[in-house]
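[1] pasting the sequence and the predicted coordinates here, then a few questions.
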Amino acid sequence: MAIFLWILGVGAVIALLYQGRGYAAWVSGAGLALLGWWIAGVGSAWLFGLALLALGGAALVFGRADLRENLVTAQVMPRVARILPRLGETERIALEAGTVWFDGDLFSGQPDWPKLLAFRPRRLSSAEQAFLDGPVDELCAMLDDWEVQQAGDLPPQVWEFLKRHRFFGMIIPEVYGGLGFSAIAHSAVVTRIASRSIAAAVTVMVPNSLGPAELLLHYGSDEQKRHFLPRLARGEEIPCFALTGPEAGSDAAATQSEGIVCRGKFEGKEVLGMRLRWRKRYITLGPISTLIGLAFRLRDPDHLLGDREDLGITCALIPSQLPGIEIGARHDPLGVPFQNGPNEGHDVFVPLETIIGGREMAGQGWGMLMESLAAGRSISLPALSVGGSELAARVVSAYGMVREQFDTPIGRFEGIEEPLARIGGLTYTMDAARRLTAGAVDAGEKPAVLSAVVKAYCTEGMRAVVNEAMDIRAGAGICRGPRNILARAHAATPIGITVEGANILTRSMIIYGQGAIRCHPYALEEIEAVAAEDRSRFDRAFFGHVNFVFSSAARALVLGLSDGRIARSPLPGPAAPWFGRLTRISAAFALVSDACMATLGGKLKRREKITGRLADVLAWSYLASAALKRFCDEGQPQRELPFLDWGCAHALFQCQEALSGVLDNLPSRPTAWLLRPLVFPLGRRLRPPSDRQGAAVARALLDDPEARAALTADVFLPPAEEPGLGRLESALSKAVAALRVEAKIRDALRRGELDHSPGDALADRALEAGIIDAEERKRIHDADEAREEAIRVDSFSPEEFARLRR
Ligand SMILES: Cc1cc2nc3c(=O)[nH]c(=O)nc-3n(C[C@H](O)[C@H](O)[C@H](O)COP(=O)(O)OP(=O)(O)OC[C@H]3O[C@@H](n4cnc5c(N)ncnc54)[C@H](O)[C@@H]3O)c2cc1C
């Protein structure tokens, strides 16, 4: 009886905590456990009475808000205030920019799967689809990426085509002469172009991401919009956005580019304006831009605008031909020939009306940038990375069948299956995250944390995928020339890693640093309550938080013991177990994250190895959630199951290892010891994708044309006679057509009806022996010829070589 009551008590605590009923759990559970203890005769009656009294007292104090506030919160609040992070001005603005979306669910430890599955991302409109199948495909057909590289620029007819078809105005509404595309259409366009030419994709991407058009749309005055947007849409103005300078890279707010408010002459008239001086570098489209979106710190030493001297970061639109501007020099970004270079301004005087939004927006630049980045980061670089990765998947899946060594297509070797699996699984997951996040932007979200996640993890994903593809292509991946279409994507991978917030910083500082505060159900509320010295608000947030910690602990334990099986899956079917496991990881993440915040407080933001690992958990949970959403939205197609399984197994394993890494390195060792049995009650049981799962992905890529087509649906397919992907695709279809004939010959060899002969002679003998007919012999011939062509690599005469741009 006693043991029964004791177990019942502990069980009640866990069950009620699992449901998120903290105090009720403690009081009822502890009461039952005490009763069990007494009945067992362990304690005397007066000890039991004392314990019950203490329990009742605690229940009274913690259950009544007024008592709790005066007796407990009054003591706790100053102590907590000491450890809470203090937010600087730029951090506060960054935190206020954008919205919390599914990241909030992942932080809560209880992702709302039905809500995620019910979310319907926008589909392409018929006009958007027609643009993709029309001008985008036409553009891709015009692009010879090798020639672009050799010329160091897009050819004039391509520039003209881009302007004529309003590629630079995808985000500009139709009323201003732009295309007015949704985020998902914008993303689809960049993805397809990136599968053809990274240089062209970057060129199209930049005017449509953070820059003059985006800033004007949200903050510009009506007059500025009417003047600039139609010109930008038509490509009459080429914009660039100049934030980075020699002194201000990742720490962009430290810019020394400066504007001083003063009077001066502009176009013959005396006006109130700004005298600007700046030094910028790495500016994409800068060398050919006619309109510079300039970020600088604005000062008003003579108080011409008001009391404040330092007005803060400000964004203005500066015509690039004004006196004092030096523009035109080019950087060479790893040989990828999009326009990029430094620019400087010396004593450039412009009216205050050049500030985006007019003089009222002086000093509002940082908020504008953070807000725009929150949405923009969701689109451009994830699209570019998926385009590059889908291309790599398409190339190696063909090459794996076409290239033979040891009389076997190399894709059949287990050694090649491994990188093929990583290529297929990662590409599927990245593309799912690209689509989901663009869908969120279309739904009006500005998902600040998730946009940083997709930016960083898709660009890292592309680096991994393209590296693997280079190894599969081996010599054919190394020798540059028109046939080697992956070398240029390979060269470009560090660019995506670096721009729009370099990945190391994004992973270790931005994702978790911002996520922990803004997505956490209570953290921001606590910080704000402390700043406002509002005890009641703090009391609600703090005790909500305590309750949340206990319920996360119970959930992590119970879900960990059952490998997530007791978490409800929103759908039956093969994806169901992954939902449960992700719920389990999410609960563990919520618990570990809180433990890190509680034990490290404000120091946590400097412990970047800890925050980087926590960012990994959040990011991989999101990527896996996106893959599940994609799979379910598409009706759980069997052909995509290998990609989903590999992607989820990989993502969950990354989460587990990252959580374990946090526990191994948490400075508070007692906390880590307490946490480990809750987070990993049965040890670290998640495994990376198995060999079987990897083989299934490789088979889907090599042998299932529908699965391959679904994975690489965004790739532009060139004509069959084009060196590179065109020839590879053609060789693949001919190789597949010859497979059955080759199998017949192999069977004849096994039966001893044919002798081994080298090369063509074997097929000739098979024909003579009547094992195959003339049409089948031709199929083998065509396949061999196409294979021969597809595996060729480029070479150059010494004169040609000397002329190559490298
Ligand atoms: C090809 C290209 C195109 C670009 N286009 C533009 C453009 O159009 N407009 C524009 O304004 N800028 C542009 N940039 C600039 C780009 O945004 C910066 O390069 C980027 O912000 C990083 O700055 P940085 O190169 O000075 O590196 P640094 O800031 O010097 O950083 C060096 C390393 O330190 C890491 N790091 C820095 N701080 C921290 C921290 N607190 N914690 C952890 N790690 C940290 C970074 O992650 C990075 O790995 C472009 C850059 C390139 C290369």
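    Nice, thanks for sending it over. Numbers count the residues shown, from 1 in each chain.

[2] rest of the way, CA atoms for contacts and neighbours
    Noted.

[3] verify the stated contact: A567 with L559.
    Yes: under the criterion of CA atoms under 8 Å, A567 makes contact with L559 at 7.1 Å.

[4] who has more neighbours, those two?
    Higher neighbour count among A567 and L559: L559, with 26 against 20, using other CA atoms under 10 Å.

[5] and R676, what does it touch?
    L663 (CA atoms under 8 Å, 6 or more residues apart in numbering).

[6] and it, how close does it get to E500?
    36 Å (CA to CA, to the nearest Å).

[7] please apply the same query to H186.
    18 Å.

[8] likewise P111?
    Separation of P111 from E500 (CA to CA) stands at 28 Å.

[9] same deal with D714?
    Taking CA to CA, one finds D714 at 24 Å from E500.

[10] okay, the two: which has more neighbours?
    The residue with more neighbours, out of D714 and E500, is D714; 22 against 19, by other CA under 10 Å.

[11] and the more buried one, what are its phi and psi?
    The phi and psi values for D714, taken as degrees, to the nearest 10, are phi -90, psi 0.

[12] OK, contacts around it?
    For D714, the contact set (CA under 8 Å, 6+ apart) comprises A188, T191, R192, S195, G387, E390.

[13] remind me which helix or strand the first one belongs to.
    It stands for A188. For A188, the host element (DSSP states H and E) is helix 183-194.

[14] does the following helix or strand past that helix reach the ligand?
    Downstream of helix 183-194, the next assigned helix or strand under DSSP H and E is helix 198-208. No: judged by CA under 6 Å from any ligand atom, helix 198-208 and the ligand are separated, with a smallest distance of 7.1 Å.

[15] in PDB, could you pull the C-alpha coordinates for helix 198-208?
    Coordinates of each C-alpha in helix 198-208 appear next as PDB, following Å, rounded to 0.1, in the frame of the first residue of the first chain:
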ATOM      1  CA  ILE A 198      25.400  31.500 -59.800                       C
ATOM      2  CA  ALA A 199      26.700  34.800 -61.200                       C
ATOM      3  CA  ALA A 200      23.400  35.400 -62.900                       C
ATOM      4  CA  ALA A 201      21.400  34.400 -59.800                       C
ATOM      5  CA  VAL A 202      23.400  36.800 -57.600                       C
ATOM      6  CA  THR A 203      22.800  39.600 -60.100                       C
ATOM      7  CA  VAL A 204      19.000  38.900 -60.100                       C
ATOM      8  CA  MET A 205      18.900  38.300 -56.400                       C
ATOM      9  CA  VAL A 206      20.500  41.500 -55.100                       C
ATOM     10  CA  PRO A 207      18.000  44.100 -56.400                       C
ATOM     11  CA  ASN A 208      15.200  42.000 -55.000                       C
END
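
[16] quick one: that helix to helix 183-194, angle?
    With axes from the mean of the first three to the mean of the last three CA atoms, to 10 degrees applied, the angle from helix 198-208 to helix 183-194 works out at 150 degrees.

[17] and helix 198-208, what does it pack against?
    Counting contacts by 3 or more CA pairs under 8 Å, 6 or more residues apart in numbering; DSSP states H and E, helix 198-208 is packed against helix 183-194, strand 239-242, helix 380-402, helix 486-498.

[18] out of those, nearest to the ligand?
    Among the helices and strands packed on helix 198-208, the nearest to the ligand by CA to the nearest ligand atom is strand 239-242 (4.1 Å).

[19] about what we covered before: could you redo the contacts of D714 as a markdown table and give each row neighbour count and pLDDT?
    Below are those laid out as a markdown table (neighbours: other CA atoms under 10 Å; pLDDT from 0 to 100):
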| residue | neighbour count | pLDDT |
| --- | --- | --- |
| A188 | 27 | 98 |
| T191 | 32 | 98 |
| R192 | 27 | 98 |
| S195 | 29 | 97 |
| G387 | 34 | 98 |
| E390 | 32 | 98 |
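
[20] name the residues that touch stretch 575-591?
    Counting by CA under 8 Å, 6+ apart, 106-111, 113, 549, 552-553, 555-556, 559-560, 563-570, 614, 617-618, 621, 624-625, 628, 632, 636, 648, 652, 655-656, 659, 679 sit against stretch 575-591.

[21] which parts of the chain sit against the ligand?
    Within the chain, the positions near the ligand by CA under 6 Å from any ligand atom are 241-244, 249-250, 282-284, 333, 495, 498-505, 508-509.

[22] now list the buried members of those residues.
    If you count burial by 16 or more other CA atoms under 10 Å, the buried members of the residues of the chain next to the ligand come out as 241-244, 249-250, 282-284, 333, 498, 500-503, 505, 508-509.

[23] longest strand anywhere in this structure?
    Secondary structure of the chain read by DSSP state E shows that its longest strand is strand 269-284.

[24] where does the stretch 1-150 of the chain dip in pLDDT?
    Across the stretch 1-150 of the chain, residues meeting the criterion (pLDDT under 70) sit at 1-44, 59-63.

[25] which one of the residues in it is closest to the ligand?
    Closest point on the stretch 1-150 of the chain to the ligand, by CA to the nearest ligand atom, is E91, at 12.5 Å.

[26] which of the helices or strands spans that residue?
    Assigned by DSSP H and E, E91 falls in helix 89-96.
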